[in-house]
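J.: With the sequence up front, the predicted model follows.
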Amino acid sequence: MKPILFDFPNSSLLGATLRENINGEEGKIVIHPFPDGETYLRVQNMVKDRDIIIHSTLFDPNPWILNLLFLADSLRAQGAKRVGLITPYLSYMRQDKVFQTGEALTSKTFAGLLSSYFDYLITVDPHLHRYRSLDEIYSIPTIVVKAAPLLSEWIHKNVGNPFLIGPDEESTQWVKEIAKKLPYIVLSKVRHEDGHVDITWPIGVNLEHKTPVLVDDIISSGATMVQAILHLKTLTPIAPICVAIHPIFAYNAYQNLWDAGVKDIVTTNSIPHPSNQMDLTQLLVEALGAFSNYFPHKG
Ligand code: R5P
């Protein structure tokens with residue numbers, strides 16, 4: 001029987017292409033708030049003994065995470081065989097340490113929550129910094145999809161004479177993999193607070209005739225990219241291209257990058273955004289194959 005794919009909390013292009021690629025049935029729910037703000041939720045599909053996938057980018061999850069858990073729990077209560085979560089952007093990964101006494105280790109609490117409602121989780125390049133793998137905090141099977149091949153393909157196809165720049169040490173893993181034989185450098189960054197960073201450049205970087213391509217996993221406040229772009233202006237007249245996996249673009253970040261003078265801003269569709277130019281569908285469908293013998297399901 002076909003798997004059922006729910007796209008939550010809203011239907012998205014990626015949810016639609018995923019469903020199409022696995023020939024899944026469209027998951028349908030009725031959801032609305034009661035006058036007191038509590039949630040009414042009803043699943044409209046027959047889910048007993050069915051394989052269920054919920055696609056839900058966990059960007060800005062606070063307003064609706066509870067509804068996602070209600071959905072997963074009610075699917076199980078109605079006899080679903082398995083409830084998996086595809087979340088291309090996995091939030092709550094950055095507080096991966098108690099830096100100051102009293103801080104909540106939200107990454108761990110969040111992982112505990114998802115682990116108790118889902119049978120497996122598939123995500124794309126989560127922010128693994130102090131954790132070496134999701135297994136350190138997630139107790140369910142997880143697959144981490146690597147977006148580097150997509151970024152690499154886009155750059156190789158669309159940029160003549162690229163010079164890759166990773167804005168901080170954490171970006172080394174992506175920049176190295178994407179660069180292959182292309183020239184690259186990795187800068188060092190000190191974050192003072194949200195939206196305020198200092199970046200140090202090596203001496204003697206020669207960008208002559210090259211197109212600078214800034215590569216990072218996340219663009220959030222945009223401060224990292226903006227700092228790098230402003231310094232690049234002192235090194236080359238060629239406008240840089242920003243390439244990133246997860247387009248958070250908090251506050252005015254997207255406009256700030258354009259104002260700083262970029263030529264293009266390119267991201268994956270892990271979070272729906274006008275900058276999405278790289279499609280994760282195929283990588284996610286391949287990852288799903290590891291959890292099931294029903295993909296691709298035709299007929
Ligand atoms: C490291 O901290 C990450 O790889 C990104 O560089 C960071 O999340 C970007 O944040 P922002 O856009 O706020 O500078």
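T.: Noted; the coordinates are in hand.
J.: what about Glu177, neighbour count?
T.: 14 (other C-beta atoms under 10 Å). In short, each C-beta sits where N, CA and C put it, glycine included.
J.: What of the one 4 residues further on?
T.: Residues lying near Lys181 (other C-beta under 10 Å) number 4.
J.: Now do the SS call for it.
T.: coil (DSSP: H, G, I helix; E, B strand; the rest coil).
J.: Can you pull the phi and psi angles for it?
T.: Per-residue torsions, Lys181: phi -100, psi 0 (degrees, to the nearest 10).
J.: and if you look at Glu20?
T.: phi -60, psi -40.
J.: Quick check: it vs the ligand, distance?
T.: 32 Å (C-beta to the nearest ligand atom, to the nearest Å).
J.: And the pLDDT at that residue?
T.: The model reports Glu20 with a pLDDT of 97.
J.: what do you get for the one 10 residues further on?
T.: At Val30, the model reports a pLDDT of 97.
J.: pretty sure it is touching Gln44, no?
T.: Yes. The criterion here is C-beta atoms under 8 Å, and Val30 meets it with Gln44 at 6.6 Å.
J.: Would you state the strands of the stretch 101-250 of the chain in chain order?
T.: 120-124, 142-145, 162-166, 184-186, 188-193, 196-200, 211-219, 241-247 (DSSP state E, counting those that start in this stretch).
J.: looking at the ones you listed, which is closest to the ligand?
T.: strand 211-219 (3.9 Å; C-beta to the nearest ligand atom).
J.: okay if I get the strands of the stretch 101-250 of the chain as JSON lines plus distance to Thr109?
T.: Formatted as JSON lines, the strands of the stretch 101-250 of the chain follow (distance: least, C-beta to C-beta, whole Å):
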{"stretch": "strand 120-124", "distance to Thr109": "15"}
{"stretch": "strand 142-145", "distance to Thr109": "17"}
{"stretch": "strand 162-166", "distance to Thr109": "30"}
{"stretch": "strand 184-186", "distance to Thr109": "32"}
{"stretch": "strand 188-193", "distance to Thr109": "23"}
{"stretch": "strand 196-200", "distance to Thr109": "27"}
{"stretch": "strand 211-219", "distance to Thr109": "21"}
{"stretch": "strand 241-247", "distance to Thr109": "21"}
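J.: Redo the ones you listed as a markdown table? Include mean neighbour count.
T.: Formatted as a markdown table, the strands of the stretch 101-250 of the chain follow (neighbours: other C-beta atoms under 10 Å):
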| stretch | mean neighbour count |
| --- | --- |
| strand 120-124 | 24 |
| strand 142-145 | 20 |
| strand 162-166 | 25 |
| strand 184-186 | 18 |
| strand 188-193 | 12 |
| strand 196-200 | 14 |
| strand 211-219 | 24 |
| strand 241-247 | 26 |
